[in-house]
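**Student:** structure for this input, please:
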Amino acid sequence: MSSRTTSVWVESADKTGQAKAMDTYRISIDDRSGATLRGRVHIINPDAEAVPPGRDFALRVIVEVWHRIRHGHFFTSGEENLPDDRLHLGLDELRGVVEEPGLKSVFERLRALDRGRDARAFHERACEVVVDYRLGEIRNWPPPWDFGDEDDEEYDEDAYAGKLAAMTLEDYPYAEFTITVGDVRHVAHIGGGIHFATAIQGGFGRE
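**Tutor:** Numbering: from 1, shown residues only. Next comes the predicted model:
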């Protein structure tokens, strides 16, 4: 089932309306100025302890948005307290951008490189595409889901689950970021207002 409102496209991946993969982050793009993106990465999975600092992660953000627009992969959150995925423009408008032959060719090669599981090669390509990637300090840390030690005899799993379910996006740990690419065409499909949950990762440190 899919639904569409102004500048938003969401679709359900299963009967609950949630994407089937276990998401790790929620990424918000606040602004694009020329070749520079500004936004936030929220950590929404208790198993994650940091936002990846390497440019391979930054490039995956850009490629992920391109891929999702091309295939309409934006989902409802399945949680009342967390926002649905959304776009800054209508999907039909953006598909014209992502299908531009030059851009499409570049991103298809990037996805193939990443899916080929050659992490080093993808990172090297990321360092060519992304000329600058900066992360701010993690805020809301220690994480607010650290409600207690499950090994403690007084630990209440139901209370833990209830507190976690009540958290809004603003309660989760997050870091602000800027990503600058060398060719503005690589971010032509991105604008302020995009928000999505994702399981993408980064395998390299800050360089």
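
**Student:** how far away is residue 197 from residue 129?
**Tutor:** From residue 197 over to residue 129 the distance is 24 Å, taken as CB to CB, to the nearest Å. C-betas here are computed from N, CA, C, even on glycine.

**Student:** who has more neighbours out of those two?
**Tutor:** Just comparing residue 197 and residue 129: by other CB atoms under 10 Å the higher neighbour count belongs to residue 197, 25 against 19.

**Student:** helix/strand/coil for that one?
**Tutor:** Assigned with DSSP: H, G, I helix; E, B strand; the rest coil, residue 197 falls in the strand class.

**Student:** skip the chain neighbours and tell me the closest residue to it.
**Tutor:** residue 23 (4.1 Å; CB to CB, 6 or more residues apart in numbering).

**Student:** wait, that neighbour sits on residue 45?
**Tutor:** Yes. Counting by CB atoms under 8 Å, residue 23 does reach residue 45; the two are 6.7 Å apart.

**Student:** so which of those two has more stuff around it?
**Tutor:** Of the pair residue 23 and residue 45, residue 23 is the one with more neighbours under other CB under 10 Å, namely 18 against 15.

**Student:** show me the contacts for the more buried one.
**Tutor:** 44, 45, 197, 198, 199 (CB atoms under 8 Å, 6 or more residues apart in numbering).

**Student:** and residue 138, how far from residue 130?
**Tutor:** Using CB to CB, residue 138 is found at 21 Å from residue 130.

**Student:** neighbour count: those two, which is higher?
**Tutor:** Set side by side, residue 138 and residue 130 show more neighbours around residue 130, with 22 against 17, by other CB under 10 Å.

**Student:** quick one: pLDDT of the more buried one?
**Tutor:** Residue 130 carries a pLDDT score of 98 in this model.

**Student:** please name the nearest non-neighbouring residue to it.
**Tutor:** residue 55 (4.4 Å).

**Student:** that concludes my questions; thank you for your assistance.
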